[in-house]
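In: 3D, please:
(2 chains)
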Amino acid sequence: MTDILTLLDATLRLSTPLLLACLAGLFSERAGIFDIGLEGKMLVAAFLSAAFAAMTGNVWIGLLAGIGGSLILSAIHGLASITFRGNQLISGVAINFLASGITVLMAQAWFQQGGRTPSLTGNGRFDAITLPFANALAGVPVIGPIYSEVISGQTILVYVALAFVPLSWWVLFQTRFGLRLRAVGENPAAVDTAGVSVVGLRFAAVAICGVLCGVAGAYLSTGLQAGFVKEMTAGRGYIALAALIFAKWRPWYALYACLLFGFLQAFALRPDLIERWLHFKVQTQLLDVMPYILTIIILAGFVGKAIPPRAGGEPYVKER
Amino acid sequence: MEKMPKWADVVLIPVISLLLAGILSGLVILAIGEDPIKALWIMFDGAFGSKYNWGYTLYYATNFIFTGLAVAVAFHARMFNIGGEGQAALGGLGVALVCIFIPWPHWSLAILGAIVGSALFGAAWALIPAYLQAKRGSHIVITTIMFNFIASALLNYLLIGALKPIGMMEPATGKFPAATHLPSFHEMLAPLGISFSKGAPANISFLIAIAACVFVWALIWKTRLGYQIRQFGESESAARYAGTSPTKIILVSMTLSGALAGMMALNNVMGEAERLVMNATEGAGFIGIAVALMGRSHPVGVFLAAILFGALYQGGAILSQDTNIPVQLVLVIQALVIMLTGALDNMVRAPLEKMFLAFRRAPKPAPKPTPAE
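Out: You can find the predicted model right below:
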């Protein structure tokens, strides 16, 4: 029982950065801007959050710095793919390299610890929050332990990430801004004809993407772990992209996909549990790549078809 | 009418992009409190200062020629093969299997077998994403990214398990048999009376890389298939109208791309390490992107860009030994080159085009009537 609870707890923790990055990608791609630079933005945000939290001792300043860094990369991506109508994929690749290089360079210049930040303590980290009635409900069968052990006792960013799911759904599907944002990803010419700025909307989407990636990165280095180490995103940006395809560019499905992928990551950390429960050895490498294999199966169209926004990846040229 | 002369497009724009990347990298070095001029000098000396350093520069360049050609071939069909890393890793597996399980009498035969093995494995790893793109419409960039991770996990699994000799701790294959040893530059040049550094890893696969450049040039510009690939890249509808099968072009260009990426293993696995280790590709698959962009997808350009990046990698390694600048500076330069020559191409191009148009108009107000294009 306690094993299941720790597994679910780890699932929620590991799903959080995936979910935030996935929603970030959702906004960007719904507006027609492919973004394979999620990884790089998270990495820069993770570094700046940890660095500023270490220097000021205040994790909130760290979070802001992380979001700021991520937004700068978003601005570069927007400049390349919207203003100069460059190739969005190439820009994303460049941003990922820039992030893996510059974080180590800055970490070395600022802290001289071989590309890492000092370990964060006290107010430099996000603390676990105990939700109301967590202790009172702990005795209730089934629901009690799940509520008190898994759902309660996470850091604030976990709840922020979860709250972003309905919020994203509401913004994208219930507001005028969301309708326009989705339209600009399907048919930018129509939006332009209606007198709404395609460039403005796309920059807004890219900026939202930057903020969410910033929170995701900050969570990695100040919530999930206590400090930055180089390449700490470890492919999470790409798993988030996979989750985005798995979720077929929808917020609620994104939550389910990220929970599934987070569960696989949590499982991969505990090979002993698999052996005990399933009575055979599952290679952790297989669990590591399950998100990618599942996504390829989805992409291959064997289980429903994932259709991306129609104008995705294409720069909008006004005059023909 | 062309907006600017061809030489400007082929030479001037890459050079300006490179200068911009250099200036920005200089600012980065300045920002972390080091001297950019001194750093540049250390890097230059580290890359070209001695035969030993040349040997490393050319060794890295060999890797980058293969992966750069791989990306370039795919670019001609307007496919973005970001999976060179995974394909090169699988190529390494192909080379390892060929070298370990076939008793070769001499390296000259072994290298032929290794070429087949590496190309087949690399091509196979590119074929699946290509098939999914051609038949199922799943985006090649996404699938090749996923295949990179799957390749790395697969090799990880094999090197911890099946391929590791019994009793060895390190996750790697055993040393390849001595008969598969490829001649290094030192061994190749000694009979000619030229001495070359003994320790440098540059080897005969550099010549194979040059042969691959010639092959790609001939294929893309001198054959019907190459024409069809370029046609498909320029306009899919035109290719369709001309009776070219998109499925065929996607499959052929991507398998070719994968085979080239896989052949990188001749250099790093067979030529240098002489065994297969974890993460043997060291990101060379991704550097291929920068090399292909910088080289404008032309084999000559790819060759020159590969030498440049080889120098950058070797120089960067020396720089990190001699100063406090981490080797990751090279990643920053690489990112800036990809950004400026790839995504921000229009930013560099537009002002130049304007300049050329202005120059052309100024001296002769009434340009000669040119035949309609």
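In: May I have the predicted confidence score for residue 310?
Out: No chain was given, so I picked chain A. Residue A:310 carries a pLDDT value of 84.
In: other chain: chain B
Out: 93.
In: Can you list the buried residues in the helix or strand hosting it?
Out: Assigned by DSSP states H and E, residue B:310 belongs to helix B:299-322. Neighbour-count burial for helix B:299-322, counted by 16 or more other C-beta atoms under 10 Å in any protein chain shown, picks out B:299, B:301-320. The way it works is simple: take the backbone N, C-alpha and C, and place the C-beta from them, glycine included.
In: Could you do stretch B:95-107 as well?
Out: B:95-100, B:104, B:107.
In: so what's residue A:188 up against?
Out: A:32, A:198, A:311, A:316 (C-beta atoms under 8 Å, 6 or more residues apart in numbering or on different chains).
In: sec struct for the residue nearest to the third one when sequence neighbours are not counted, please.
Out: In other words, residue A:311. Ranked by C-beta to C-beta, 6 or more residues apart in numbering or on different chains and with sequence neighbours excluded, the top spatial neighbour of residue A:311 is residue A:32, at 4.3 Å. At residue A:32 the chain is in coil, as set by DSSP: H, G, I helix; E, B strand; the rest coil.
In: Tell me how many other residues crowd residue A:32.
Out: By the criterion of other C-beta atoms under 10 Å in any protein chain shown, residue A:32 has 31 neighbours.
In: Same check on residue A:147?
Out: The number of residues near residue A:147, taken as other C-beta under 10 Å, comes to 18.
In: do the same with the one 5 residues further on
Out: Look at residue A:152: counted by other C-beta under 10 Å, it has 18 neighbours.
In: wait, what's in contact with residue A:7?
Out: Counted by C-beta under 8 Å, 6+ apart, residue A:7 has contacts A:263, A:266-267, A:270, A:273.
In: got it, and residue B:240?
Out: Counting by C-beta under 8 Å, 6+ apart, residue B:240 has contacts residue B:246.
In: Would you mind writing the CA trace of the helix or strand hosting it as CSV?
Out: Assessed by DSSP H and E, residue B:240 sits inside helix B:236-241. What follows is helix B:236-241, C-alpha atoms only, in CSV (Å, rounded to 0.1, in the frame of the first residue of the first chain):
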residue,chain,number,x,y,z
GLU,B,236,5.7,18.7,-54.1
SER,B,237,2.8,19.4,-56.5
ALA,B,238,5.2,19.9,-59.4
ALA,B,239,6.9,16.6,-58.6
ARG,B,240,3.6,14.9,-58.4
TYR,B,241,2.5,16.4,-61.8
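In: Show me how far that helix is from its chain's centre.
Out: 29 Å (C-alpha atoms, centre = their mean, to the nearest Å).
In: Toward the C-terminus from it, list the very next helix or strand.
Out: helix B:246-263.
In: Counting neighbours, which of the contacts of residue A:188 comes out on top?
Out: Going by other C-beta under 10 Å, residue A:32 tops these with 31 neighbours.
In: From chain B, how far off is it?
Out: Computed as C-beta to the nearest C-beta, to the nearest Å, the residue A:32 to chain B distance reads 14 Å.
In: any weak-confidence spans in the stretch 1-150 of chain A?
Out: A:1 (pLDDT under 70).
In: The spatially closest residue to residue B:220 that is not a sequence neighbour: how many residues sit nearby?
Out: The shortest distance from residue B:220 to any non-neighbouring residue, by C-beta to C-beta, 6+ apart, is to residue B:226 (4.0 Å). For residue B:226, the count of nearby residues is 18 (other C-beta under 10 Å).
In: Could I get the contacting residues of residue B:226?
Out: B:76, B:218-220 are the contacts of residue B:226 under C-beta under 8 Å, 6+ apart.
In: Next up, phi/psi of it, please.
Out: phi -60, psi -40 (degrees, to the nearest 10).
In: tell me which parts of the stretch 201-320 of chain A are close to chain B?
Out: A:230, A:235, A:238, A:241-242, A:245, A:283, A:285-286, A:288-289, A:292-293, A:295-296, A:299-301, A:306, A:308 (C-beta under 8 Å from any C-beta of the partner chain).
In: so of those residues, which ones are in helices?
Out: A:238, A:241-242, A:245, A:285-286, A:288-289, A:292-293, A:295-296, A:299 (DSSP state H).
In: Would you mind checking those residues for buried ones?
Out: For these, buried by 16+ other C-beta under 10 Å: A:238, A:241-242, A:245, A:285, A:288-289, A:292, A:295-296, A:299.
In: Is the residue of chain A found nearest chain B within a helix or a strand, and which one?
Out: Taking C-beta to the nearest C-beta, chain B has its nearest neighbour within chain A at residue A:101, 3.1 Å off. Using DSSP H and E, the element containing residue A:101 is helix A:88-111.
In: So which elements touch that helix?
Out: Helix A:88-111 sits against helix A:38-56, helix A:59-78, helix B:13-31, helix B:284-294, helix B:329-338, with contacts defined as 3 or more C-beta pairs under 8 Å, 6 or more residues apart in numbering or on different chains; DSSP states H and E.
In: Sort out for me which of the buried residues of stretch B:95-107 are in helices.
Out: B:95-100, B:107.
In: Enumerate the residues of the stretch 51-200 of chain B near chain A.
Out: So the stretch 51-200 of chain B meets chain A at B:80, B:82, B:132, B:136-139, B:141-143, B:145-147, B:149-150, B:153-154, B:156-157 (C-beta under 8 Å from any C-beta).
In: Buried among those? Make that a ChimeraX selection.
Out: In ChimeraX, a selection of the buried entries from those looks like this (16+ other C-beta under 10 Å):
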select /B:80,82,132,138,139,141,142,143,145,146,147,149,150,153,154,156,157
